[in-house]
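[1] 3D model of this:
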Amino acid sequence: MNLLVTGGAGFIGSNLIQHIIERPEVHRLVNLDCLTYAAHLENSSLSLTTRKYGFEQADLRDKQRTCDLVQRHAITHVMHLAAESHVDRLNHRPGDLFTRM
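    Residues are numbered from 1 along each chain as shown. Next up is the predicted model:
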(Lines give C-alpha, C1' and ligand atoms only; values in the text may rest on other atoms or scores of the structure.)
Protein backbone atom coordinates (compact mmCIF):
# COMPACT_ATOMS: atom_id res chain seq x y z
CA MET A 1 0.00 0.00 0.00
CA ASN A 2 1.01 3.61 -0.57
CA LEU A 3 -0.13 5.38 2.57
CA LEU A 4 -0.76 9.08 3.12
CA VAL A 5 -0.68 10.18 6.77
CA THR A 6 -2.07 13.67 7.30
CA GLY A 7 -0.78 15.43 10.40
CA GLY A 8 2.23 13.13 10.54
CA ALA A 9 4.43 15.72 12.27
CA GLY A 10 2.11 15.96 15.25
CA PHE A 11 2.41 13.88 18.41
CA ILE A 12 0.03 11.08 17.39
CA GLY A 13 0.95 11.08 13.71
CA SER A 14 4.70 10.91 14.27
CA ASN A 15 4.34 8.05 16.75
CA LEU A 16 2.08 6.18 14.36
CA ILE A 17 4.59 6.61 11.54
CA GLN A 18 7.40 5.22 13.71
CA HIS A 19 5.20 2.25 14.55
CA ILE A 20 4.16 1.29 11.01
CA ILE A 21 6.91 2.51 8.66
CA GLU A 22 8.71 -0.85 8.54
CA ARG A 23 5.61 -2.98 8.06
CA PRO A 24 6.01 -5.02 4.87
CA GLU A 25 2.61 -4.03 3.45
CA VAL A 26 3.62 -0.36 3.50
CA HIS A 27 5.49 0.26 0.25
CA ARG A 28 5.44 4.06 0.48
CA LEU A 29 4.45 6.36 3.37
CA VAL A 30 3.93 10.05 2.71
CA ASN A 31 3.65 12.40 5.67
CA LEU A 32 1.53 15.46 4.79
CA ASP A 33 1.71 18.28 7.31
CA CYS A 34 1.57 22.07 7.08
CA LEU A 35 3.87 22.38 10.13
CA THR A 36 1.83 24.67 12.34
CA TYR A 37 2.60 25.37 16.01
CA ALA A 38 1.69 21.81 17.05
CA ALA A 39 3.88 20.01 14.51
CA HIS A 40 7.52 19.10 14.87
CA LEU A 41 9.15 17.45 11.88
CA GLU A 42 12.00 16.18 14.04
CA ASN A 43 9.44 13.84 15.67
CA SER A 44 9.61 11.78 12.47
CA SER A 45 13.39 11.91 12.11
CA LEU A 46 13.81 8.14 12.45
CA SER A 47 11.62 7.71 9.38
CA LEU A 48 14.10 9.67 7.30
CA THR A 49 16.44 6.67 7.24
CA THR A 50 14.12 4.57 5.07
CA ARG A 51 13.58 5.11 1.36
CA LYS A 52 9.86 4.43 1.61
CA TYR A 53 9.24 7.60 3.66
CA GLY A 54 8.45 10.97 2.12
CA PHE A 55 7.43 14.31 3.56
CA GLU A 56 5.23 16.94 1.90
CA GLN A 57 4.77 20.31 3.57
CA ALA A 58 1.34 21.41 2.43
CA ASP A 59 -2.00 22.51 3.79
CA LEU A 60 -4.57 19.74 3.47
CA ARG A 61 -7.17 22.39 2.68
CA ASP A 62 -5.32 23.18 -0.55
CA LYS A 63 -7.39 20.80 -2.64
CA GLN A 64 -5.37 21.05 -5.87
CA ARG A 65 -2.02 20.48 -4.18
CA THR A 66 -3.38 17.60 -2.10
CA CYS A 67 -4.90 15.93 -5.18
CA ASP A 68 -1.63 16.39 -7.06
CA LEU A 69 0.46 14.71 -4.37
CA VAL A 70 -2.04 11.85 -4.07
CA GLN A 71 -1.63 11.21 -7.79
CA ARG A 72 2.14 11.75 -7.82
CA HIS A 73 2.70 9.24 -5.00
CA ALA A 74 -0.03 6.84 -6.22
CA ILE A 75 -1.66 6.91 -2.78
CA THR A 76 -3.94 3.93 -2.10
CA HIS A 77 -4.76 4.51 1.59
CA VAL A 78 -5.16 7.55 3.86
CA MET A 79 -4.92 7.92 7.63
CA HIS A 80 -6.31 11.33 8.48
CA LEU A 81 -4.72 12.59 11.69
CA ALA A 82 -4.48 16.30 10.90
CA ALA A 83 -6.57 18.27 13.35
CA GLU A 84 -6.72 21.60 15.08
CA SER A 85 -5.72 20.73 18.62
CA HIS A 86 -7.41 23.78 20.06
CA VAL A 87 -10.96 23.39 18.76
CA ASP A 88 -12.08 26.53 20.56
CA ARG A 89 -10.16 28.53 17.95
CA LEU A 90 -12.78 27.51 15.41
CA ASN A 91 -15.45 29.31 17.41
CA HIS A 92 -13.76 32.60 16.57
CA ARG A 93 -12.95 31.89 12.91
CA PRO A 94 -15.02 28.92 11.67
CA GLY A 95 -14.43 29.92 8.07
CA ASP A 96 -10.77 28.94 8.45
CA LEU A 97 -11.79 25.34 7.90
CA PHE A 98 -12.79 26.04 4.32
CA THR A 99 -10.65 28.97 3.23
CA ARG A 100 -8.70 26.98 0.64
CA MET A 101 -11.34 24.62 -0.67
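[2] in a strand, V78, correct?
    Yes: counting by DSSP: H, G, I helix; E, B strand; the rest coil, V78 is found in a strand.
[3] my read: it touches T6, true?
    Yes: with contacts counted by Cβ atoms under 8 Å, V78 reaches T6, the gap being 7.0 Å. C-beta here means a position set from N, CA and C on the backbone, and glycine is covered the same way.
[4] neighbour count: those two, which is higher?
    T6 (21 against 14; other Cβ atoms under 10 Å).
[5] tell me the bridge partners for that one.
    L32, H80 (DSSP bridges).
[6] wait, isn't it in contact with C34?
    No: using Cβ under 8 Å as the test, T6 is too far from C34 to be in contact (9.5 Å).
[7] who touches both of those two?
    Counting by Cβ atoms under 8 Å, 6 or more residues apart in numbering, the shared contacts of T6 and C34 are L60, A82.
[8] endpoint to endpoint, stretch 6-16 covers what distance?
    One end of stretch 6-16 to the other measures 11 Å (Cα to Cα, to the nearest Å).
[9] how far does it sit from the chain's center?
    Put simply, stretch 6-16 sits 7 Å off its chain's centre (Cα atoms, centre = their mean, to the nearest Å).
[10] contacts for it next, please.
    5, 17, 31-33, 35, 38-41, 43-44, 55, 60, 78-83, 85.
[11] hey, where'd the strands end up in this protein?
    Remark: strands assigned in the chain by DSSP state E are 2-6, 28-33, 53-57, 77-80.
[12] would TSV of those strands with mean pLDDT and distance to R65 be doable?
    Below are the strands of the chain laid out as TSV (pLDDT from 0 to 100; distance: least, Cβ to Cβ, whole Å):
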stretch	mean pLDDT	distance to R65
strand 2-6	97	13
strand 28-33	95	9
strand 53-57	93	8
strand 77-80	96	15
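[13] highest mean neighbour count out of those strands?
    Comparing the strands of the chain by mean neighbour count (mean count of other Cβ atoms under 10 Å), strand 28-33 ranks first with a mean of 25.
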